[in-house]
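In: predicted model and sequence follow; I will ask about them next.
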Amino acid sequence: MMAPDQASERVMHVEADQMPVDVKDGDVSGKAVLALMALARAESDADFSVLIDVAANGVARLLFSDPSLAVEDFHLSTERPDDFLPSAIACRLPQPPVQMRFFACSTPDAPDSLWLLLWLQSPARSQDTDTPRFAALANLTGHLLQSHRLLQRQRAQSAVFRDLFDAQPLAMMVTDLAGQSGRMNPAALRLFHLSSAEMAPGEVADTLRNMLSVCGNRAELQRLYAGLQQDVQASIQCEWSLPAMTLAVDTHPVADSDRRLWLFHDVTADRHLAQQLQQQEMTDNLTGLPNLLYLQQQVAQAFRKPFDPVMPAMLLMIVIDGLQDIDNHHGHAVAEQVLRTLIARMQNILHEQASLVCIDAGKKFAALLSGRTKKQAKTLAERLVHFLSAVAVPTKAGTLNVAVSIGLVSKKLPEEDVETFMRHAERVLHAARASGRNQMVYYL
């Protein structure tokens, strides 16, 4: 009888056509079990060496046999296995056996697994198969069988994962933790216009690097992903602003593995819809100009910049009086024509210096000024008063005039907040209206 370590060495000498379907490349334990069974059959002069794997529910499966037998799964009672040979095995033999021996190959997850030696005729030489060396061989087989089962479970789980992975409509990629080699599912191949699911070492990094290089937010993304080089267990969620689409990208390590999962979701339509909704939310329905919400965001953004006492943030507020009278006397169409003309004049005077905002349905307007001195802002406000009130508006009802009131305020202190700034502007505008038509009041 060969020692266990010598028996293990015989793994390399098992012929390929002797290996059952379960024994695949890399399954060293399975090959070792097959080699031990072949060794035991030769040592005992048996005709067949059979390994039966019994699950917890009593369903038995012929796992290995030497020589090979094809036997379907069956139910085995292991209370007295020496009293019978399952017909599932007997019907596959050339003739009924004259002798058989059972050895327990118990493992923690399959305590009833059995190893059988079968003789179809009396052995040519007498062999005592009840000796301790056969029991030790059975014990070693059980240990190897445990490793084989673990590998089978891992392969089954991997196969299930791959099936689920490939069937997912979401674009996915699995890589090693270093992000060098990996595999893409069909959805990812379509998204990135690639043909091969398997990615060679370095190809993953090159693909991601090429995509990031054309992102509008590439500087931000490069800083974000630089952390993966220091912490391969990091999880990152962000968006890639590509020229033709926006991708929501989530990458995180797969628990208890050396793999990283990447999820890519095309959110271009979602972002476009969000932008449309945001634009609608920030647009005045009557004039099509940005509204008060837009102005508040503009002011908040300006206030986040360092305070400049020479060129502080300044706000113009403009009220047009007389449009309602025009509507009452000449009709809505004429009043709308006057309003459009006044808006065009204000935009022409402001030009690219500021965005005109409508904050009260065609009656009250505003413009946030920045990058100008207080003197320049006052000059701009005076031009607005002149061209809005002194220059008549030609209409089909004749030339018509309106009156305007303008308030101009500036941010005076670094700690001044948006709400205080807006209240000051409203008060100054009220003072301009109270002082008479076509007046400008400033608080700089």
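Out: That came through, no problem.

In: for stretch 358-370, which residues meet the burial criterion?
Out: Judged by neighbour count (16 or more other C-beta atoms under 10 Å), stretch 358-370 contains these buried residues: 358-359, 362, 364-370. Yep, even glycine has a C-beta here, placed from its N, CA and C like the rest.

In: relative to residue 348, which of those residues is nearest.
Out: Top of the list for closeness to residue 348, among those and by C-beta to C-beta, is residue 367 at 12.6 Å.

In: would you verify that that closest one is located in a strand?
Out: Yes - under DSSP: H, G, I helix; E, B strand; the rest coil, residue 367 falls within a strand.

In: got a list of what it touches?
Out: Residues in contact with residue 367 (C-beta atoms under 8 Å, 6 or more residues apart in numbering) are 315-316, 318, 346, 350, 354-357.

In: can you get me a residue count around the nearest residue to it once chain neighbours are set aside?
Out: Distances taken as C-beta to C-beta, 6 or more residues apart in numbering place residue 354 nearest to residue 367, at 4.0 Å, with adjacent residues excluded. Number of residues near residue 354 (other C-beta atoms under 10 Å) recorded here: 23.

In: coming back round to it: determine which two of the buried residues of stretch 358-370 are furthest apart.
Out: It's 362 and 370 that sit farthest apart of these, by C-beta to C-beta, at 25.4 Å.

In: thought the residue nearest to residue 367 was touching residue 368?
Out: Yes - using C-beta atoms under 8 Å, residue 354 is in contact with residue 368, at 5.9 Å.

In: mind listing the shared neighbours of the two?
Out: Here residue 354 and residue 368 share the contacting residues residue 316, scored by C-beta under 8 Å, 6+ apart.

In: next, residue 164: secondary structure please.
Out: At residue 164 the chain is in helix, as set by three-state DSSP.

In: any idea how far it lies from residue 174?
Out: 11 Å (C-beta to C-beta, to the nearest Å).

In: what do you get for residue 151?
Out: Remark: distance between residue 151 and residue 174 (C-beta to C-beta) = 20 Å.

In: which one of these two has more residues nearby?
Out: Taking other C-beta under 10 Å, residue 151 and residue 174 do not tie; residue 174 has more neighbours (21 against 18).

In: I figured the more buried one hits residue 263, correct?
Out: No - judged on C-beta under 8 Å, residue 174 makes no contact with residue 263 at a distance of 10.4 Å.

In: which residues do the two both contact?
Out: Common neighbours of residue 174 and residue 263, counting by C-beta under 8 Å, 6+ apart, are absent.

In: what residues are up against residue 409?
Out: Contacts of residue 409 by C-beta under 8 Å, 6+ apart are 314-315, 421, 424-425, 428, 442-444.

In: which of the residues you listed sit farthest apart?
Out: In terms of C-beta to C-beta, the contacts of residue 409 reach their longest pairwise distance at 421 and 442, which sit 14.0 Å apart.

In: pLDDT weak spots in the stretch 251-400 of the chain?
Out: For the stretch 251-400 of the chain, not a single residue meets the criterion pLDDT under 70.

In: any idea how this structure splits into domains?
Out: For the chain, automatic domain parsing gives the domain ranges 4-158, 168-270, 282-443.

In: dump these into a markdown table; add distance to residue 276 as well.
Out: Listed next are these as a markdown table, based on distance: least, C-beta to C-beta, whole Å:
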| stretch | distance to residue 276 |
| --- | --- |
| domain 4-158 | 44 |
| domain 168-270 | 11 |
| domain 282-443 | 10 |
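
In: which ones among the contacts of residue 409 map onto helices?
Out: When DSSP state H is applied, the contacts of residue 409 are split such that 421, 424-425, 428 fall in helices.

In: relative to residue 406, which of the residues you listed is nearest.
Out: Closest approach to residue 406 among the ones in helices among the contacts of residue 409 (C-beta to C-beta): residue 428, at 9.0 Å.

In: now do the contacts for that closest one.
Out: Taking C-beta under 8 Å, 6+ apart, we find residue 428 in contact with 317, 407-409, 441-443.

In: a markdown table for these, including distance to residue 257?
Out: Converted to a markdown table, the contacts of residue 428 look like this (distance: C-beta to C-beta, whole Å):
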| residue | distance to residue 257 |
| --- | --- |
| 317 | 62 |
| 407 | 65 |
| 408 | 64 |
| 409 | 61 |
| 441 | 70 |
| 442 | 67 |
| 443 | 65 |
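
In: okay then, goodbye and thanks.
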